[in-house]
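Undergrad: For reference, the sequence and a predicted model appear below.
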Amino acid sequence: MNRFQLNYANYSIVVNSVFNLSSRKNRKGGVGLAPQRHRASQLSAIGLGKSFGNFEALRSLDLTIAAGEFLTLLGPSGSGKTTFLMALAGFLKPSRGRLEEDGVDITDRPADKRNFGMVFQGYALFPHLSVTDNVAFPLKVRKVPAAEIKKRVGDMIERVGLSAHAHKRPAQLSGGQQQRVALARALVFEPGVLLLDEPFSALDKNLREGLQAEMKRVHRETGTTFVFVTHDQSEALALSDRIAIFNHGQLMQAAEPRAIYTRPDNRFVAEFLGRINLLPLEGCSAIDGRATGRLGEATLSAPTGAAALAGRQSLLAVRPEHLRIGAAGADDNSVAGVIADKIFNGAEMSLQVALATGQRLLLSVPDNSAAAALAVGAETKVCWPVESGFILHDDRNA
Ligand SMILES: Nc1ncnc2c1ncn2[C@@H]1O[C@H](COP(=O)(O)OP(=O)(O)OP(=O)(O)O)[C@@H](O)[C@H]1O
């Protein structure tokens, strides 16, 4: 975020852009009490790309963000999340492709003409203004009548749980409270879209969790389209309607949290989100939506899903929580191995089981289970329901 971090020299420019000062008046038709739900925009990126010299920070990206959706951008450092967000905001001009808001081309519309709110990490509040005056700022410069400002600011401050602190200045607030002020200030003018770039990354875990819940509630209440950048997988899984996973400037998959976790499209997504076992299958063939192949002595199956078997190495993917120690049931896969390692994680025990073929399987089992009591070196069988696995291709070098 450093490149975009704000300083006072360019602050007024950014403030103008962020608060959309020169744009339309209240889209709801002006004066009146603030509605609970805001008007939300749909955004579409069509073949959107951004290069810095020869470096492609964003490769032709196609993604539609539905009106009112909570979309999270997740990916490793340098994968293009902030670049995409800044292109949405209008702070970066795309090198290729276009952007549409509700079907209208906004690719060349400057940031200050887009009706988007923004919350950044360390996004400076006006230090000399109270919470109330900070939140009122975007409405004052839009010349919203004083009575309406009072009502809307009061509502928004209450919505973020800061009524008792309304008179304080930013320096008298905690980091979490300051971010709530930033959230209130970015939403008070009812933007069609709210863009958030790692707003909680400087905060400790407990504060983060409190703010996540708060943000989710504010999203539900306002109905605004949220586009949220984070590094934090659990934050992404907990908050999002959909998660878009980036790698090397490419959109790897965009799907609901459960779908992206249980049925990732590719190896990158499978390994990036949570922990996963990947077993190479030999002589793989598919019948009736089920692939079957060999791993050493064992014959293993999994639903093929969308994966076609032709060509590349097929991998059987299965999450650690689906594996168990013991005898196989009727529709289970089973492999033999030796307990190689045990790690106590609090609520659960992580076991590593070494297979004769050289792979290691990772399992998580309840700490009070018989499996958790097995000694390192013990021979055992690991099994899992065929339906809990899935097939991926080895696309690591693709
Ligand atoms: N102005 C610029 N000039 C040159 N390269 C840039 C510029 N802005 C971004 N990049 C490069 O583009 C790539 C994507 O950067 P971006 O900030 O979008 O990644 P990110 O996914 O947001 O990373 P992080 O999670 O670390 O913030 C990086 O390799 C970065 O170095």
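TA: Received it, and whenever you're ready, just let me know what you need.

Undergrad: Pull the number of nearby residues for the nearest residue to A111 once chain neighbours are set aside.
TA: Leaving aside its sequence neighbours, A111 sits nearest to G90 (CB to CB, 6 or more residues apart in numbering; 3.4 Å). Any C-beta I mention is one placed from the backbone N, CA and C, and that applies to glycine too. Neighbourhood size, G90 [other CB atoms under 10 Å]: 19.

Undergrad: low pLDDT regions in the stretch 251-398 of the chain?
TA: Residues of the stretch 251-398 of the chain meeting the criterion pLDDT under 70: 305-311, 396-398.

Undergrad: which residues sit in contact with the residue nearest in space to the middle of the chain?
TA: Centroid-nearest residue in the chain, with CA atoms, centre = their mean: T72, separated by 3.0 Å. Going by CB atoms under 8 Å, 6 or more residues apart in numbering, T72 touches 228-230, 235-236, 239-240, 242-244.

Undergrad: okay if I get those as a markdown table plus neighbour count, distance to the ligand and secondary structure?
TA: As requested, the contacts of T72 are exported to a markdown table (neighbours: other CB atoms under 10 Å; distance: CB to the nearest ligand atom, whole Å; DSSP: H, G, I helix; E, B strand; the rest coil):
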| residue | neighbour count | distance to the ligand | secondary structure |
| --- | --- | --- | --- |
| F228 | 26 | 12 | strand |
| V229 | 24 | 6 | strand |
| T230 | 23 | 9 | strand |
| E235 | 21 | 13 | helix |
| A236 | 23 | 13 | helix |
| L239 | 20 | 17 | helix |
| S240 | 23 | 16 | coil |
| R242 | 19 | 17 | strand |
| I243 | 27 | 14 | strand |
| A244 | 24 | 11 | strand |
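
Undergrad: Show me the strands in the stretch 251-398 of the chain, by range?
TA: 277-287, 290-295, 298-303, 314-318, 324-325, 332-344, 348-355, 360-366, 379-385, 390-393 (DSSP state E, counting those that start in this stretch).

Undergrad: hang on, I meant the stretch 51-200 of the chain
TA: 55-65, 70-74, 96-101, 104-105, 116-120, 193-197.

Undergrad: mean pLDDT lowest for which of those strands?
TA: Note on the strands of the stretch 51-200 of the chain: lowest mean pLDDT is at strand 116-120, with a mean of 87.

Undergrad: so how far is that one from its chain's centroid?
TA: Strand 116-120 has its C-alpha centroid displaced from the chain centroid by 16 Å (CA atoms, centre = their mean, to the nearest Å).
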